[in-house]
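[1] build me a structure from this.
(one chain, ligands or ions: 1)
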Amino acid sequence: MQSVMSLDRIRVVLVATSHAGNIGGCARAMKTMGLTRLVLVDPLRFPDPEATARAVGAEDILINATVCASLDEALADCQLVIGTSARNRRIPWPVLAPEAAAELMVSEASDREVAVLFGRERTGLTNEELDRCQWLVNIPTASAFSSLNLASAVQIIGYEIRRAVLRGDAVPRTAEDMLGEPLASAEEVQRYYEHLQQVLVETGFLDPDNPRLLMRRLMRLYNRIQLTTNEVNILRGILAAVTEPHHKKPRN
Ligand code: SAH
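    Here you go, the predicted structure:
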């Protein structure tokens, strides 16, 4: 749940928004994705009934929004600032894909203040505002029409942030975490391969004079999963039982 908490350290900064309705739309987009901190820099009209109407259930985000006179004020305590841009600028700012940007924001927000900036409906962010950003994010679009509605852009970035949080929460990740038993070491796995090869030769399944790619294919099969020590022991027990039929069955 650490990563969900970190969403409190990600602020959505809307710069000089001219349509109050868009501010409400952004608040709604944010709330669906678990983002709560809205900062408005020099909005044309706010508060405004149109903003409230478009928020539909996310009025709390508007009520708690901070209104700042300048971008400096909005970013004063931030350690990571990311700007969004519909255009590929001539001056090459470092650009991240939405997914990578979200990953960075969520990981930084575990102990830093993070801001993601959205620009004016007509003209976006100025170059001076982009200078304040360590990274730019561009949402891939059709090349002939790259400009999304402001709230749609917030929705997409918010969704990627949400996905980054969910990926971070997707523990247990390894078989060790899932099964609560230790993973086999490379040496144990290697010994199993040797044992397997020996049995395959003994049983005539593998012709040592014409081995082809059999062992490699089998190793590739096992490499796709994470074997535990216990599982390796079972597999070796099976091999032993094949070659010595009265081999004592291990207890599992
Ligand atoms: N003509 C403006 C478009 C502004 S759209 C421009 O070129 O930037 C309003 C805001 O929505 C943008 O400033 C940006 O914050 C966001 N936005 C719109 N389309 C986007 C896209 N394809 N990628 C990233 N952000 C986008």
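
[2] part of a strand, is residue 136?
    Yes. Under DSSP: H, G, I helix; E, B strand; the rest coil, residue 136 falls within a strand.

[3] can you name the residues of the stretch 151-252 of the chain that neighbour the ligand?
    For the stretch 151-252 of the chain, the residues found near the ligand under the criterion CB under 6 Å from any ligand atom are residue 153. (Each C-beta comes from the backbone N, C-alpha and C, glycine too.)

[4] identify the residue of the stretch 151-252 of the chain closest to the ligand, quick one.
    At 3.5 Å from the ligand, residue 153 is the closest residue in the stretch 151-252 of the chain, using CB to the nearest ligand atom.

[5] OK, contacts around that residue?
    84, 86, 118, 139 (CB atoms under 8 Å, 6 or more residues apart in numbering).

[6] residue 52: which element?
    helix 49-55 (DSSP states H and E).

[7] same thing with residue 200?
    helix 186-202.

[8] which strands or helices does the helix holding residue 52 pack on?
    Secondary-structure packing of helix 49-55 (3 or more CB pairs under 8 Å, 6 or more residues apart in numbering; DSSP states H and E): helix 20-32, helix 59-63.

[9] partner strands of the following helix or strand past the longest one, parallel or antiparallel?
    The first helix or strand that comes after helix 20-32 along the chain, using DSSP H and E, is strand 37-41. For strand 37-41, sheet partners with direction are given as strand 10-15 (parallel), strand 66-68 (parallel), following DSSP bridges.

[10] that older thread, most neighbours per residue, which of the helices and strands packed on helix 49-55?
    Here the criterion is mean neighbour count by mean count of other CB atoms under 10 Å, and of the helices and strands packed on helix 49-55 the winner is helix 20-32, at a mean of 23.

[11] tell me the mean pLDDT over it?
    Helix 20-32 comes out with an average pLDDT of 98.

[12] who's in contact with that helix?
    Contacts for helix 20-32 (CB under 8 Å, 6+ apart): 12, 14, 17, 36, 38, 40, 43-46, 48-62, 65, 118, 121, 149-152, 154-155, 158.

[13] can you select the buried ones among the residues you listed for me in ChimeraX?
    Command for ChimeraX, covering only those of the contacts of helix 20-32 found buried under the criterion 16 or more other CB atoms under 10 Å:
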select :12,14,17,36,38,40,43,46,48,50,51,52,54,55,58,59,61,62,65,118,121,150,151,154,155,158
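
[14] among the helices and strands packed on helix 49-55, which is nearest residue 244?
    Closest approach to residue 244 among those is made by helix 20-32 (62.3 Å; CB to CB).
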